[in-house]
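Asker: sequence plus the predicted model coming up.
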Amino acid sequence: MADQAEKTQQLGRYNVAKGKSSVSGLSSGAFMTVQLHLAHSASFAGAGVIAGGPFRCAESFRGRSVIAEDQYEINALYIAMNPLIPQMAPNASFLAQKARDSAAAGEIDPVENLANDKVYLFTGSEDKVVYSDVVAKTREFYELLGVKPTNIAYHDDVPAGHSILTDNPEDSPLETNQPPYINNGGFMQSHRILEHIYGKLKPPVQELTGQLIRFDQTEFFDGELRASMSKFAYAYVPRAVANGEAEARVHIVMHGCKQGYNYINFVNGRADKNNQPPYGNRYITTTGYNEMADSNNFIMLYPQAQGSDGGRMQNPDGCWDWWGYSSRNPQQPDYYSKGAIQIRAIYNMLNRLGG
Amino acid sequence: MVDTDNKQTLPLLITGKPLALVQQWWERAANAHGDSTALWMMNPSPQVWGDLLEMQQAFLAQLGVIGKSWNTGLEQWYAQFLRLQGANTLSKLAEQECNLVGQFGDLVGNQVTQLVNLLEGTQVGYSYWVHEQRVAAADKVGKAGQ
């Protein structure tokens, strides 16, 4: 039996170009992508958002709710994911102002950093999980913050369900809205995201030569359960980067809900540990990121979230926090700033890599 | 790993949470009523009436989707009921019967959840929408009066 310790490495440091990192994600990973992009815009050159809403959109309507966290969750569900009509979607102007206020308060990097960034936005026209009306607001939000319209690639005309698209024959039909949320659209969406952010890249390799590293990510959030992050995370490091022969750029890949490697379905409120979904780490290995990493010297970083239900923390689907469940104080949820537990953990991973 | 923030282990019914959630429902309804009254008094634009019509249509469409999923679920359940003829042992028979009861319970549970979801979503969405409209209308009136 192989030594378990040998199968896990500590995340290492590499020769990484600073300020040229990027991030992309699907669904809750897309909402988190926007949060990471805004919180640490000095570190990023761009972002790829598949079915995600604007920064702090869970705070669209406070009303007179006694507990802020309850209201944020309600907003997340009914305004930021499934508004009944387009006019009930988040207000981009209001949220752009919130972003400016957050920057002024030092909670996130200055929004002026976004000016030259490239942003890829995608919403499938058959998406029943996060409506297209919401993603349209994300585009408006970025434009209001000064991102040049020519730097924004906005796609809403593919009849895709809620998913990241691939060209793998075994992935779900294009219009599907079900886990594992990886659909066959006849192209690798990850490649398009990277090419939009960085310009023309070398074609993906056919055979990987780098290494997929498994590391213990608990050191980045001090093992606190409220982080709702798994024990392990992954990083793909191309051989030339590992050998110190090439400078790398880091791309952070944020999976969506129900897509972490150890996602367990909750049935009638109970974790169904006897029937763990079989797709495990497909988001890491089959979405095409690593093949592009190898040919273009990207380090791909795959942080992992996990679920919890029944206690104070309501995150049964293992989603990234974009409505405040991981906050210490339910009256002042801090899930979007540099100090938020998940954002801090992921940023520390980026720092460790050298980005 | 250390659990520092997830200590609420008391069953839901004795924590007072249901009461708080129902209270929030009524508060939202009261606020929306106040915003609605204020908006109507400011002579809402035709666009407001258009939005309301669109809202009703969207609500009915979603109700239709829920009804369709109920019919489909019931058909599937009945088809399974008809197929259950092959039990060789008492234990298998008991398992099959219990499965049917469980599946029917799931079907009803899903329907109730979807209906409450639609009602809650509509109420939250309407509260948000009418609040935004009221603020926008008040701004317009204020500017016109300057």
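Answerer: Everything's here; your move. Numbers count the residues shown, from 1 in each chain, chains lettered A, B, ... in the order given.

Asker: got a list of what the residue positioned nearest the centre of chain B touches?
Answerer: Centroid-nearest residue in chain B, with Cα atoms, centre = their mean: residue B:117, separated by 1.6 Å. Contacts for residue B:117 (Cβ atoms under 8 Å, 6 or more residues apart in numbering or on different chains) come out as residue A:77. C-beta here means a position set from N, CA and C on the backbone, and glycine is covered the same way.

Asker: try residue A:156
Answerer: A:122, A:123, A:125, A:132, A:135, A:136.

Asker: mind checking which helix or strand the residue nearest to the centre of chain B is in?
Answerer: Secondary structure assigned from DSSP states H and E places residue B:117 in helix B:90-145.

Asker: could you tell me how far that helix lies from the centre of the chain?
Answerer: The chain centre lies 1 Å from the centre of helix B:90-145; the measure is Cα atoms, centre = their mean, to the nearest Å.

Asker: pretty sure residue A:94 sits against residue A:60.
Answerer: Yes: between residue A:94 and residue A:60 there is a contact at 7.2 Å, judged by Cβ atoms under 8 Å.

Asker: of these two, give the one with the bigger neighbour count.
Answerer: A side-by-side neighbour count of residue A:94 and residue A:60, using other Cβ atoms under 10 Å in any protein chain shown, places residue A:60 first with 27 against 16.

Asker: point out where chain B drops to low pLDDT.
Answerer: When residues are selected by pLDDT under 70, those of chain B lie in B:1-16, B:144-146.

Asker: one more pass at 80, please.
Answerer: Applying pLDDT under 80 to chain B flags residues B:1-18, B:20-21, B:83-87, B:140-146.

Asker: and the gap between residue A:188 and chain B?
Answerer: 32 Å (Cβ to the nearest Cβ, to the nearest Å).

Asker: my read: that residue touches residue A:287, true?
Answerer: Yes: using Cβ under 8 Å, residue A:188 is in contact with residue A:287, at 7.4 Å.

Asker: buried stuff in stretch A:17-24?
Answerer: A:20, A:21, A:22, A:23, A:24 (16 or more other Cβ atoms under 10 Å in any protein chain shown).

Asker: actually, stretch A:73-92.
Answerer: For stretch A:73-92, by 16+ other Cβ under 10 Å, it's A:73-85, A:87-92.

Asker: let me see the ranges of the helices in the stretch 151-300 of chain A.
Answerer: Under the criterion DSSP state H, counting those that start in this stretch, helices of the stretch 151-300 of chain A are mapped to A:189-198, A:239-242, A:282-285, A:289-296.

Asker: for residue B:53, find the nearest of those helices.
Answerer: helix A:189-198 (36.8 Å; Cβ to Cβ).

Asker: take that closest one, keep the C-alpha atoms, and write them as CSV.
Answerer: Extracted in CSV, the C-alpha atoms of helix A:189-198 (Å, rounded to 0.1, in the frame of the first residue of the first chain):
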residue,chain,number,x,y,z
GLN,A,189,-15.2,26.6,-23.0
SER,A,190,-12.1,26.7,-20.8
HIS,A,191,-9.9,27.3,-23.9
ARG,A,192,-12.1,30.2,-25.1
ILE,A,193,-12.0,31.8,-21.6
LEU,A,194,-8.2,31.6,-21.5
GLU,A,195,-7.8,32.9,-25.1
HIS,A,196,-10.1,35.8,-24.4
ILE,A,197,-8.1,36.8,-21.4
TYR,A,198,-4.6,36.2,-22.8
